[in-house]
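1. Okay, structure incoming, though there's no sequence with it:
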């Protein structure tokens with residue numbers, strides 16, 4: 001099984017071929033192909049390549065499955081003894097990616 005550690009939008013993820021990965025919002029339409037070239041580690045059953053900082057010649061191919069938003073996160077600010085409550089919420093944009101092939105030169 002091929003495994004890689006990739007860097008996407010400043011965050012690192014461990015991925016295997018066939019995985020679905022939820023990342024922060026990326027540009028692109030649903031169904032379009034993306035390629036991750038910032039690979040920090042690449043491993044197969046036989047060998048492991050560790051980059052310093054990146055592994056040369058390794059890329060991860062993926063397809064954008066969904067452009068959407070996470071569930072709402074709510075918060076509360078309260079001022080003691082004043083009966084003042086302020087509620088707020090936030091929905092973060094996300095992209096779901098299906099990992100295809102992990103290829104090396």
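-> Now that the structure is in, tell me what you want to look at. These numbers come from a predicted model, not from an experiment.

2. now residue 68: how far from residue 92?
-> 10 Å (Cβ to Cβ, to the nearest Å). Quick note: C-beta positions are derived from backbone N, CA and C, even for glycine.

3. For residue 68, list each beta-bridge partner.
-> residue 94 (DSSP bridges).

4. So what's the residue count around it?
-> 13 (other Cβ atoms under 10 Å).

5. which residues sit in contact with it?
-> Residue 68 sits next to 93, 94, 95, 96 when contact means Cβ atoms under 8 Å, 6 or more residues apart in numbering.

6. same deal with residue 102?
-> 2, 3, 4, 15, 17, 42, 58, 59, 60, 61.

7. Which ones among those residues map onto strands?
-> Using DSSP state E, the subset of these located in strands is 3, 4, 15, 42, 59, 60, 61.

8. List buried residues within those residues.
-> By neighbour count, with 16 or more other Cβ atoms under 10 Å, these hold 3, 4, 15, 42, 59, 60 as buried.

9. which two in those residues are spaced the farthest apart?
-> 3 and 59 (14.3 Å; Cβ to Cβ).

10. element containing the residue lying closest to residue 88 once chain neighbours are set aside?
-> In space, and not counting its chain neighbours, residue 88 is closest to residue 75: 5.4 Å by Cβ to Cβ, 6 or more residues apart in numbering. According to DSSP states H and E, residue 75 maps onto strand 73-79.

11. Partner strands of that strand, with direction?
-> Short version: by DSSP bridges, strand 73-79 pairs with strand 84-90 (antiparallel).

12. contacting residues around the partner strand?
-> So strand 84-90 is contacted by 72, 73, 74, 75, 76, 77, 78 (Cβ under 8 Å, 6+ apart).

13. residues near the fifth one, how many?
-> In this case it means residue 76. So residue 76, with other Cβ under 10 Å, has 8 neighbours.

14. ok, now which ones touch it?
-> 85, 86, 87, 88 are the contacts of residue 76 under Cβ under 8 Å, 6+ apart.

15. how close does the residue positioned nearest the centre of the chain get to residue 97?
-> Nearest to the mean C-alpha position of the chain, counting by Cα atoms, centre = their mean, stands residue 23 at 3.1 Å. Residue 23 sits 6 Å away from residue 97, going by Cβ to Cβ.
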